[in-house]
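Trainee: What follows is a protein structure lacking sequence information:
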């Protein structure tokens, strides 16, 4: 059997038991590769459980800079006997299976088309450590050490990472480095190191990676920093996976950055609410009163916030909501990813409502879009929902660095302060559109002794905020809200269009958020096979003119997304000028794992074949076919 | 209701310390039924704010949904107001208060809005001791949807159709005391003498002040057999008189020393209660609950200031927020700038 050869281009997966401390060892493994300057994208595939269940950590290494999931597994590191049968079966032919050889391998686990690397992790731990907890924890460090030898990871970098990790707890540094050495030595003595699949420093990497001084961070932390930079002073939330770490990180940064120097008191307030309804109510109350406030939640929380989102839309109160999507419906799969809140968010609440949505694809965008969300919410006086997901929010991504321009100032929107009210001669009309953009002026409570007070309500009102059941006044108000949504198109981030050539291709591809990376990769695969495709990465709803133009310029468009019903496709059909539904072809994944480039490529390829597109070479079928894409 | 509002004002109408007449504190014309208890409460709020010399624009009025929640439109026209969603006023009030701790927050809710759909938010706003006056206009029924029983309707009280309520009632006052409210009063919309000083005390209290005001629904729950009717309240109200003596004013009236309890508020004003009995200690939770139970067991409704704890930390104190309202912080104070971001980026490499 031939060993699979690959330099800086492979997928390695760790099968662990959750609650055993594997996450930090695995994180160190990925970070070491990152520090070697080789593009890497790690992903936690974890259960909704605290201890004892199977959990996986998948690391993709790709010098071509592909950060989405590829599909398939070249190396499986099996530390969990519970899931061994499934893990053995998941290895690609020619790949490697690293296992604990303390006990002989069950013959049923032996395949003749993969390589086995047995390292007696348990035996080493029993020999070296007496404490049960240490035996458990250091096993993780030992396999990282062994992999360092097998894959050619720079050992100095690993040592530096241990030193970074245990800064302040110095006495833990030596035993951790010792554990790394135990694994490293064992691998060196017993196997040919490095293997045919390996890492090499100093090779050429993709331009889009090389162009930036990359960072490695998760989207939730980036979004929290966006809220700090955006001037949020109030955060109200209810714990829910996978959004919890947004507010955790906000809290952490505020403790550092928002303490009043004179008094030591907090220039921010974080309230853990009794439920998501209350969280959104607090956000609305605070924004109404002139503070920037936000919440973070996931699907079930979004459902609960529905009524309040409708109120904020109709009463025109700014609000920022970070929705870190997970697999629904209902409780669904809380620790698995999806992009399945698109429709629920776009039309959240009863009656005619529409909300502004932002779709980040990188941590840098999580930061920038959250920052921007506060401006948009105040400018448009309406809720703005940042549509992240578990894959982006909770995994570490290589990303261009976070950027902030010191010349930038907040857009607090159309607010009349005490001074402006003083000069106001005419009657203040809270819901009066004085300049045609659909956006009226608002005032904060307490701004002026006798001008600017108004009644905020979810009931129908006239331009002066007076209650009315007059149908014409209601229609005027609803039409103005629509006009405001038109204005929003000019303000939201533009779509990113990439054209394959000078003339539009016949087929186009649309995607958003975390679907972007594997989609770009799939498009490059097809391009190599002779099928060029223009791409459009949607970054916001309402859809702006780039999106409309892209749709009108292409005959057929694949819409790639991670949900069952093709929700973005439906939103496009609903909200753009597209005439025939059949023009938009759904490419979907909804098994809870991030969509892979292979799956996307295979789905598009088979569609194109069926459509009789001849330019597609027939060279690749079996290997990158659907069966494998589904694995 | 009346469609005509008298335009004439007596030229010698009294003015308060700010130079405002009572008219300055009024609101729009009420659209509630003639004789509705809620209108008396609105009038009492107007009196209380007028007499407390409050600047209307420094007040934020909040409400949920229902007849009671419409009433913020009928007092303090010069204040901002937020008529939110059903049962969720506490969260909106919490957010508003977090943004600006310097305003006075008056929340108006009803028994449906608080004791049923909003029970969860009510319980938690009590726990957080949010600095606000929370008035429940309690008529034991759903007025706007035509008279269904609410959760505060007493056991065996009869509805207008003649049905007898077989469900145990929720007594907001007892629950609030139990879960840590720091100011709890009960009153009757028909007893202005007691209600106005109680409202003043509630507004002056630092922390969460609950006033459960029995406010009969003349249309759906004012018949014989109802325990929330005018007649029932007039016959069974054990009212403890309340005086509110503003800061810097000399105390002149005299009561029997044994049953008079004086509480000095944080702003220096004094609340004086003429208690039902000597043993009753309104600063003791158990004693308060006992007194309420005792009167209820005799078919009576004990009203007045029932319980007060002046030492509770209100939400801002518990959170440790700065004295300056959060909504006044400037971009310069809030945004850390690019240099800090550079250090963040450096730490992620």
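Mentor: The structure has been received and is ready for your questions. Since the model is a prediction, treat every value here as computed from it, not as a measurement.
Trainee: Nearest to chain B: which residue in the stretch 301-450 of chain A?
Mentor: residue A:445 (3.6 Å; Cβ to the nearest Cβ). The C-beta positions use only the backbone N, C-alpha and C, and glycine is treated the same way.
Trainee: Which residue is the nearest non-sequential neighbour of that residue?
Mentor: residue B:80 (3.6 Å; Cβ to Cβ, 6 or more residues apart in numbering or on different chains).
Trainee: Which strand residues bridge that neighbour?
Mentor: According to DSSP bridges, the residues that bridge with residue B:80 are residue B:60.
Trainee: And it, how close does it get to residue A:417?
Mentor: Separation of residue B:80 from residue A:417 (Cβ to Cβ, to the nearest Å) stands at 14 Å.
Trainee: Residues that sit against both of those two, list them.
Mentor: Shared contacts of residue B:80 and residue A:417 (Cβ atoms under 8 Å, 6 or more residues apart in numbering or on different chains): A:443, A:444.
Trainee: the more surrounded of the two?
Mentor: With neighbours defined as other Cβ atoms under 10 Å in any protein chain shown, residue B:80 and residue A:417 compare such that residue B:80 has more, 26 against 14.
Trainee: OK, contacts around the more buried one?
Mentor: Residue B:80 neighbours (Cβ under 8 Å, 6+ apart): A:443, A:444, A:445, A:446, A:453, A:454, A:456, B:57, B:60, B:61.
Trainee: Strands - which of those land there?
Mentor: If you go by DSSP state E, the contacts of residue B:80 have A:456, B:60, B:61 in strands.
Trainee: Among these, find me the one that's closest to residue A:545.
Mentor: Distance to residue A:545 across the ones in strands among the contacts of residue B:80 (Cβ to Cβ) is lowest for residue A:456, with 33.6 Å.
Trainee: For the most centrally placed residue in chain A, give me its contacts.
Mentor: Geometric centre of chain A, nearest residue: residue A:392, 2.0 Å, by Cα atoms, centre = their mean. Applying Cβ under 8 Å, 6+ apart, we find residue A:392 in contact with A:218, A:219, A:360, A:361, A:362, A:363, A:366, A:513, A:514.
Trainee: what about the last one, neighbour count?
Mentor: Using other Cβ under 10 Å, residue A:514 is surrounded by 32 other residues.
Trainee: That one and residue A:391 touch, don't they?
Mentor: Yes. Between residue A:514 and residue A:391 there is a contact under Cβ atoms under 8 Å: 4.6 Å.
Trainee: Low-confidence ranges, the stretch 101-250 of chain A, go.
Mentor: Within the stretch 101-250 of chain A, not a single segment meets pLDDT under 70.
Trainee: Output the below-cut-off pLDDT ranges for the chain.
Mentor: Unless you meant another one, I'm taking chain A. Residue ranges of chain A with pLDDT under 70: A:614-631.
Trainee: my question was about chain B
Mentor: Using pLDDT under 70, chain B drops low at B:1-6, B:248, B:250-257.
Trainee: all helices in it, in order from the N-terminus.
Mentor: B:37-51, B:67-70, B:89-99, B:111-115, B:119-128, B:172-178, B:192-204, B:230-236, B:285-297, B:315-319, B:331-334, B:337-347 (DSSP state H).
Trainee: need the residues of the stretch 451-600 of chain A near chain B, please.
Mentor: Within reach of chain B by Cβ under 8 Å from any Cβ of the partner chain, the stretch 451-600 of chain A has these residues: A:453, A:454, A:455, A:456, A:457, A:458, A:459, A:467.
Trainee: where do the helices sit along the stretch 401-550 of chain A?
Mentor: A:418-423, A:471-491, A:516-528, A:545-553 (DSSP state H, counting those that start in this stretch).
Trainee: Tell me which of those sits most buried.
Mentor: helix A:516-528 (a mean of 22; mean count of other Cβ atoms under 10 Å in any protein chain shown).
Trainee: so what secondary structure elements neighbour that helix?
Mentor: Applying 3 or more Cβ pairs under 8 Å, 6 or more residues apart in numbering or on different chains; DSSP states H and E, one finds that helix A:516-528 contacts strand A:507-512, strand A:534-538, helix A:597-610.
Trainee: Dump these to CSV, plus mean neighbour count.
Mentor: Converted to CSV, the helices and strands packed on helix A:516-528 look like this (neighbours: other Cβ atoms under 10 Å in any protein chain shown):
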stretch, mean neighbour count
strand A:507-512, 27
strand A:534-538, 24
helix A:597-610, 21
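Trainee: Format these as TSV; extra columns: distance to residue B:103.
Mentor: Shown next, in TSV, are the helices and strands packed on helix A:516-528 (distance: least, Cβ to Cβ, whole Å):
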stretch	distance to residue B:103
strand A:507-512	41
strand A:534-538	41
helix A:597-610	54
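Trainee: mind checking which of these is nearest residue B:295?
Mentor: Closest to residue B:295 of those is strand A:507-512 (Cβ to Cβ; 63.5 Å).
Trainee: quick one, that closest one and helix A:597-610 angle?
Mentor: When axes from the mean of the first three to the mean of the last three Cα atoms, to 10 degrees is applied, the directions of strand A:507-512 and helix A:597-610 differ by 150 degrees.
Trainee: neighbouring strands for strand A:507-512, and are they parallel or not?
Mentor: strand A:534-538 (parallel), strand A:556-561 (parallel).
Trainee: closest one to residue A:600 among those strands?
Mentor: strand A:556-561 (5.8 Å).
Trainee: partner residues bridging residue A:323?
Mentor: When bridges are called by DSSP bridges, residue A:323 pairs up with residue A:297, residue A:387.
Trainee: Neighbours of it, how many?
Mentor: Residue A:323, neighbours per other Cβ under 10 Å, totals 26.
Trainee: which residues does it contact?
Mentor: Neighbours of residue A:323 in contact, by Cβ under 8 Å, 6+ apart: A:243, A:296-299, A:301-302, A:341, A:345, A:385-388.
Trainee: repeat for residue A:396
Mentor: A:27, A:30, A:31, A:42, A:216, A:217, A:218.
Trainee: so residue A:552 makes contact with residue A:580?
Mentor: No. Using Cβ under 8 Å, residue A:552 is not in contact with residue A:580, being 11.9 Å away.
Trainee: neighbours of the nearest residue to residue A:389 once chain neighbours are set aside, just the number please.
Mentor: Of all residues not flanking residue A:389 in the chain, residue A:325 sits nearest, at 4.2 Å (Cβ to Cβ, 6+ apart). Residue A:325 has 30 neighbours, counted by other Cβ under 10 Å.
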